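Undergrad: Quick one, fold the following:
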Amino acid sequence: MKDLKEKVIVVTGSAQGLGAAICAELSAAGAFVIATDINKEKLVDVEKGIKEANGKIRTYSMDVADEKDVEDTINQIAADNGGIDMVINNAGIDFCKSVEEISYEEWQTEIKVNLWGPFHVSKAAYGFMKQKGRGHIINITSTAARRAWPNASAYHASKWGLLGFSHALHTEARKDNIKVTALIAGGMKTPFILDRFPDVDPDVLQDPANVAETIRFILCQPESTVIPEVMVIPMKETSWP
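TA: Residues are numbered from 1 along each chain as shown. Below you'll find the predicted structure:
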């Protein structure tokens with residue numbers, strides 16, 4: 001299996017939850033983690049923890065919904081760090097509103113972050129990976145891309161779209177030796193779920209570190225192997241039957 005030593009890996013939505021767990025896991029594997037979030041100040045604790053563990057990290061403010069900001073930031077990241085090896089598209093939001101309640105602006109914002117965001121980042125980073133002759137993009141989707149529940153139409157639309165984008169990009173990128181993986185994650189003990197659904201029993205959710213460990217495994221596959229899709233769900237939680 002490959003190792004990740006000195007690999008430059010961009011992680012979006014790094015300030016908390018799964019994003020922070022991914023940064024910690026990949027840094028522990030020797031990667032040079034590029035932690036990004038719409039609010040750079042929120043990355044202070046993530047950066048501090050990785051540096052205290054003698055890991056390598058740089059932080060950047062990046063709004064994945066903003067095409068120009070993504071292009072400028074990815075170009076800057078590549079210039080500062082000698083290119084880009086891998087990307088983890090993790091940033092995501094959900095308004096948890098019915099079709100009657102959600103505004104047009106909220107719908108557009110959710111689609112821009114959850115679906116346009118991975119497209120923006122992948123498109124901006126693709127050329128840098130192509131220059132190196134290899135690369136890997138992992139898109140964090142959800143069991144929401146496989147089934148549906150009420151009051152999440154924009155979330156479902158974005159995650160189903162992201163799953164389709166991931167598989168389409170997988171077919172395109174192979175010619176350039178760039179791997180693309182869709183990771184379908186079930187419920188995790190993160191603010192994304194616990195802050196929105198306080199009645200959920202945390203004991204039925206999985207630790208985001210477990211999902212981060214799976215990401216590390218995917219990235220460490222031999223050069224001749226690609227995993228287009230993988231699902232990681234808790235043993236007890238039933239968002240996927």
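
Undergrad: ok, the residue positioned nearest the centre of the chain to Thr141 distance?
TA: The centroid of the chain falls nearest to Asn90 when counting by C-alpha atoms, centre = their mean (1.9 Å). Asn90 sits 10 Å away from Thr141 when distances are taken as C-beta to C-beta, to the nearest Å. Using the backbone N, CA and C atoms, a C-beta is placed for each residue, glycine as well.

Undergrad: pLDDT weak spots in this protein?
TA: 1, 239-241 (pLDDT under 70).

Undergrad: As a check, name the ranges of all helices in it.
TA: 17-28, 44-52, 67-81, 104-111, 117-132, 153-173, 191-194, 208-219 (DSSP state H).

Undergrad: Buried deepest among these, which one?
TA: Most buried of these by mean neighbour count (mean count of other C-beta atoms under 10 Å) is helix 17-28; its value is a mean of 24.

Undergrad: thinking again about what came up before, got the helices of the chain as a markdown table, with distance to Val226 columns?
TA: Below are those laid out as a markdown table (distance: least, C-beta to C-beta, whole Å):
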| stretch | distance to Val226 |
| --- | --- |
| helix 17-28 | 18 |
| helix 44-52 | 28 |
| helix 67-81 | 22 |
| helix 104-111 | 27 |
| helix 117-132 | 14 |
| helix 153-173 | 7 |
| helix 191-194 | 28 |
| helix 208-219 | 9 |
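
Undergrad: so which of the ones you listed comes closest to Val8?
TA: helix 67-81 (4.8 Å; C-beta to C-beta).

Undergrad: Report all helices and strands that the closest one contacts.
TA: In terms of contacts (3 or more C-beta pairs under 8 Å, 6 or more residues apart in numbering; DSSP states H and E), helix 67-81 is packed against strand 8-11, strand 32-37, strand 56-61, helix 117-132.

Undergrad: Of these, give the one that comes closest to Lys189.
TA: strand 8-11 (18.7 Å).

Undergrad: what's next to the closest one, contact-wise?
TA: Identification of contacts with strand 8-11 by C-beta atoms under 8 Å, 6 or more residues apart in numbering yields 19, 22-23, 26, 31-36, 74, 77, 81-88, 90, 121, 125, 219.

Undergrad: that older thread, I'd like the helices and strands packed on helix 67-81 as a markdown table, with distance to Lys159 appended.
TA: Formatted as a markdown table, the helices and strands packed on helix 67-81 follow (distance: least, C-beta to C-beta, whole Å):
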| stretch | distance to Lys159 |
| --- | --- |
| strand 8-11 | 18 |
| strand 32-37 | 20 |
| strand 56-61 | 25 |
| helix 117-132 | 11 |
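
Undergrad: Of those, which is nearest Leu205?
TA: strand 8-11 (21.0 Å).

Undergrad: Alpha carbons only: can I get the closest one in CSV?
TA: Output in CSV follows, covering the C-alpha atoms of strand 8-11 (Å, rounded to 0.1, in the frame of the first residue of the first chain):
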residue,chain,number,x,y,z
VAL,A,8,-0.3,17.7,-0.1
ILE,A,9,-4.0,17.0,0.7
VAL,A,10,-6.6,19.7,0.6
VAL,A,11,-9.6,19.1,2.9
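
Undergrad: Give the pairing partners of that strand; include direction for each.
TA: strand 32-37 (parallel), strand 86-89 (parallel) (DSSP bridges).

Undergrad: okay if I get the ones you listed as CSV plus mean neighbour count and distance to Trp149?
TA: Output for these, formatted as CSV (neighbours: other C-beta atoms under 10 Å; distance: least, C-beta to C-beta, whole Å):
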stretch, mean neighbour count, distance to Trp149
strand 32-37, 27, 27
strand 86-89, 28, 23
